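can't give you the sequence, but here's the structure:
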């Protein structure tokens, strides 16, 4: 049998047909156009799924289930929240089954990406893992005793909104000092802008032709890798906060593996080693065996693969 | 059958004989005298256990197992760390069985107290719970799918050493801004001393006859309950941080129930409501169903009961 994985984003809907080993055998995409009535978005999700099935040269009968990763919370087939689509209490499963009558499984997009890594990626074979997506925000995906843990009421694994710097930078959620404000790509950009305002003679400003609005995480990391002192200061600060966030995961949860994913993790070993170097100084039990700290292995496909494998 | 529970503290060793329902049917105590060789401490633990068994008017044959709650980490019958006793790699089980040859189970004292509440106290019947001991420090006890979760390497549920205020107050562990520095009885005392230094005309100072070294958490809470404005400010600050810590437990873990225990929790509903009032403002999903927030029900006996029931 095959499993459909749908990555429902604010801009694009990506659909994949996934085999039982977690391999994507065909894909299709369609724009989300989130301002439309939800019925239209869901119809396009279903039509895009039909195209992906065609591309895979299989029949709908060979599809076991539909899995959807959403930037929000779903309970019992209903999307309770999906903030960037402006959705509340959307009967996703009921609506989708009007087009393709298969069981629909849903979970948070970071949870789904962590599940993909557990089922088919870097944390395969572990008993427990915590996946951190370091992108525009910070998401978490928790696997525990081989199963997804998203909390008893769907509010768990929102690691980006655990407070790391009480009284600190204002978060989109209304609190101050959320982990997301210090460990996301947005945090790197903010820290770099602050550093460039104080000291504009640096490799970051050269790379953006003097326009700080063009700064992104990759530019900062590349300048740091090349040894620019201002960029290195920004990297040090970021790696410090990320190491504290990893410490928090260990002191709370102590899984077999902690995985860094999302756009920021493309900085690779430079980022990984930056965190690893700082961790021993922060850990409460530095001499105990530690969780392995690893980079995600599935990249953007994790969203499709993990969603698909929700139904396995 | 009966179960022995031992609460191994830095000052006292408390032993209880516990029935299968989690009721203590007899107790005995002995001083720890922690400076002695560990063999002497463990011999006294065993002799004290024999006295508790005598007090219970049962025979050793009716004892199924020995459980020990330790302020530290134990793995496979060995105490890896027990900081306030200055112990490292102590072969507790092997040494104890020289006197009473029964299986020995060990876990962290906060974990054990959380287990007691789950098996015989306020969180009985829940699937998952997080217990916070608010004492000199802050400890955590996690129960998940009806089982203790202390991490894959014994480093988990150290919620007191998750960072809440990065760059904040220096913790005994060497980090800055640990949750323990803002949510313990010690934190209340520190905040009260700071407030009294600025504004010495208040009910706290009256209660300690002008000697700030005599301030304790109860004095501060009693003054706040009586409406003293300086004490109320301290309470507000403390309840703010504790609500942030509870938010972190929810955003990370979202259990069925969060339990406030330890000495500070004796402030009762005044404390509970202080946290509950602030939570909605901090939560990422304020409209989702929330974990129940409750006070611990077993008091000091939780250490003995939970240790005993490790063997059940």
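Arrived safely. All of these numbers come straight from a predicted model, not from anything done at the bench.

mean confidence for the helix or strand hosting residue A:28?
Here residue A:28 sits within strand A:24-31, counting by DSSP states H and E. Strand A:24-31 carries an average pLDDT of 98.

What of stretch A:71-80?
Mean predicted confidence for stretch A:71-80 is 94.

buried stuff in that stretch?
A:71, A:72, A:73, A:74, A:77, A:79, A:80 (16 or more other CB atoms under 10 Å in any protein chain shown). All C-beta atoms are positioned from the backbone trio N, CA, C, and that covers glycine.

domain parsing for chain A?
Following automatic domain parsing, chain A resolves into domains at A:2-116+A:301-309, A:126-295.

Take the ones you listed and lay them out in JSON lines including distance to chain B.
What follows is those, written out as JSON lines (distance: least, CB to the nearest CB, whole Å):
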{"stretch": "domain A:2-116+A:301-309", "distance to chain B": "6"}
{"stretch": "domain A:126-295", "distance to chain B": "2"}
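
Check which residues of stretch A:124-132 are buried.
In stretch A:124-132, counting by 16+ other CB under 10 Å, buried: A:126, A:128, A:129, A:130, A:131, A:132.

Mind listing the residues bridging to the fourth one?
Residues found in beta-bridge contact with residue A:130 (criterion: DSSP bridges) are residue A:142, residue A:258.

Show the contacting residues for it.
Counting by CB atoms under 8 Å, 6 or more residues apart in numbering or on different chains, residue A:130 touches A:114, A:140-143, A:159, A:249, A:253, A:255, A:257-259, A:291.

Next: the fifth one.
For residue A:131, the contacting residues are A:110, A:113-114, A:117, A:123, A:140-143, A:258-259, A:261, A:296, by CB under 8 Å, 6+ apart.

JSON lines please, covering the buried residues of stretch A:124-132 and showing pLDDT.
Listed next are the buried residues of stretch A:124-132 as JSON lines, based on pLDDT from 0 to 100:
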{"residue": "A:126", "pLDDT": "98"}
{"residue": "A:128", "pLDDT": "98"}
{"residue": "A:129", "pLDDT": "98"}
{"residue": "A:130", "pLDDT": "98"}
{"residue": "A:131", "pLDDT": "98"}
{"residue": "A:132", "pLDDT": "98"}
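
Backbone dihedrals for the nearest residue to residue A:167 once chain neighbours are set aside, both of them.
Sequence neighbours aside, residue A:176 is the residue nearest to residue A:167 in space, at 5.5 Å (criterion: CB to CB, 6 or more residues apart in numbering or on different chains). When quoted as degrees, to the nearest 10, the phi and psi of residue A:176 stand at phi -110, psi 140.

what's around residue A:176, how many residues?
16 (other CB atoms under 10 Å in any protein chain shown).

hmm, who's touching stretch A:300-307?
For stretch A:300-307, using CB under 8 Å, 6+ apart, the contacting residues are A:5-7, A:14-16, A:18, A:22, A:24, A:27, A:67-69, A:105, A:107, A:109, A:111-117, A:119-121, A:141, A:261, A:296, A:298.

One more: stretch A:27-34?
Against stretch A:27-34 from outside (CB under 8 Å, 6+ apart): A:8-17, A:40-41, A:44-45, A:47-49, A:51-52, A:55, A:84-86, A:304.

that older thread, filter the contacts of stretch A:300-307 down to just the ones in strands.
Secondary structure from DSSP state E places A:5-7, A:14-16, A:18, A:24, A:27, A:67-69, A:105, A:107, A:141, A:261 of those in strands.
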